[in-house]
Each structure stands twice: as C-alpha cells, then as structure tokens.
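Visitor: starting from these lines, generate the structure:
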Amino acid sequence: MSEAAATMFADAVNAGLPERTEETGEAVDGSALVTVSTRAESDDEWRTRRFKRWGWTLGLPTVAGAVTIGILGPVVAAVIYVLVTPFGLRVAGFGAMLLRLTYDIWYLPRHGITVEARRSGVSYVYTDSPGVTHSEIDLFGRSTAPTVHVAYHPETNASVFVYSWLRKVWLTSF
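Guide: Numbering: from 1, shown residues only. Here you go, the predicted model:
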C-alpha cells in the first residue's frame with residue numbers, strides 16, 4: 001500500500017469519527033452505551049432459587065423414570081434406579097446429613113451448653129465456657145437476627161443453631 005493511500009484512508013476514518021473532547025467538551029468514551037442496573041434479588045435469594053431449580057431439574061426426571069420403571073417392571077428396580085442416579089445419591093447424602101442434624105438439634109440443647117451468638121458478617125460468633133471464640137455459619141442462610149441461640153457440646157465441639165429445622169427445609173425446598 002502506498003503512503004498516499006494510507007493517508008487518504010486515515011483521513012476518511014478520522015472524518016467519520018465524532019469531534020474530539022477538547023473541542024466539544026463532551027466525553028466520547030462509550031459511557032452513553034453503558035447501562036447500570038442493580039440485581040433485584042440478594043445473593044441468598046439467588047442461591048436459593050438456583051438450588052430449587054437444580055433440585056426440580058434433577059428430581060422430576062428421576063421420579064418420572066422411577067414411576068415408569070415401577071409401573072412397567074418390579075418396584076425393586078425403581079428403588080434401585082432412584083438410589084443409583086446422581087440425584088438419588090445426593091438425596092441419600094442430604095438425608096444422612098439431615099438425620100445427623102436432627103439428632104444434634106435434639107441432643108445438644110438437652111445435654112450440651114446453650115449460649116447466645118452475635119452476628120458477624122455471614123456467620124455468628126459465640127464464646128464457649130473456656131473462653132474460646134467460635135464462628136458458626138448459618139447452614140440454611142435464613143437467619144437475619146442480630147443474635148441467635150447456639151448449642152454446643154463441650155467435649156466434641158459439635159454445635160448447632162437452636163431453631164426448627166423442618167421450617168428451614170420447607171422454605172429451602174419450596
């Protein structure tokens with residue numbers, strides 16, 4: 001390409017550009033093309049919505065397949081199908097976690113020590129009887145109270161929030 005052609009091309013491109021900022025006083029940086037908006041939902045609401053979506057997306061086909069197998073074949077095959085699918089394995093793990101949590105919610109307030117924990121960011125902080133400070137994360141992410149009751153076992157360091165887990169599971173699932 002010759003120098004004259006390059007100059008002519010550069011002049012044509014520069015003529016198509018808007019005036020420079022020094023001459024017009026306006027910023028030509030594309031800021032008029034940018035829109036700023038805030039999310040209508042919080043992180044907890046987004047996380048809950050995503051959890052529900054994945055639960056229904058994995059659960060409905062699994063249940064539909066199990067019902068179909070149960071109708072067309074032996075019921076044992078349907079139960080095995082549900083247990084070996086990825087959804088079934090997650091449900092079994094979640095069920096085991098809920099059984100342990102249920103036991104802790106029953107056991108720790110009766111045989112452990114219950115203290116009041118104060119909110120510190122996304123977790124709650126409490127001090128046990130020897131004076132050691134512990135941080136406990138709200139597993140269900142629903143509590144917005146400035147303080148909550150936490151029960152802990154003095155020997156095993158297991159701790160749980162003292163609230164109704166059935167309500168939390170219901171709100172998380174539906």
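
Visitor: got the phi and psi for Pro74?
Guide: Pro74 adopts backbone torsions of phi -70, psi 150, taken as degrees, to the nearest 10.

Visitor: and the gap between it and Tyr81?
Guide: Distance of Pro74 to Tyr81, given as CB to CB, to the nearest Å: 11 Å. From N, CA and C alone the C-beta is placed, and that goes for glycine too.

Visitor: who has more neighbours, these two?
Guide: It is Tyr81, of Pro74 and Tyr81, that has more neighbours when counted by other CB atoms under 10 Å, with 17 against 10.

Visitor: hmm, Leu58 is touching Phe87, no?
Guide: Yes - between Leu58 and Phe87 there is a contact under CB atoms under 8 Å: 4.1 Å.

Visitor: give me the more crowded residue out of those two.
Guide: Ranked by neighbour count (other CB under 10 Å), Leu58 and Phe87 place Phe87 first, with 19 against 16.

Visitor: tell me which helix or strand the more buried one sits in.
Guide: Using DSSP states H and E, Phe87 sits in helix 86-111.

Visitor: for the top helix by length along the chain, name the packing helices and strands.
Guide: When the chain is parsed with DSSP state H, its longest helix is helix 43-72. Other helices and strands packing on helix 43-72, by 3 or more CB pairs under 8 Å, 6 or more residues apart in numbering; DSSP states H and E, are helix 75-84, helix 86-111, helix 165-173.

Visitor: want to try a markdown table for these, with mean pLDDT as columns?
Guide: Shown next, in a markdown table, are those (pLDDT from 0 to 100):
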| stretch | mean pLDDT |
| --- | --- |
| helix 75-84 | 84 |
| helix 86-111 | 79 |
| helix 165-173 | 60 |
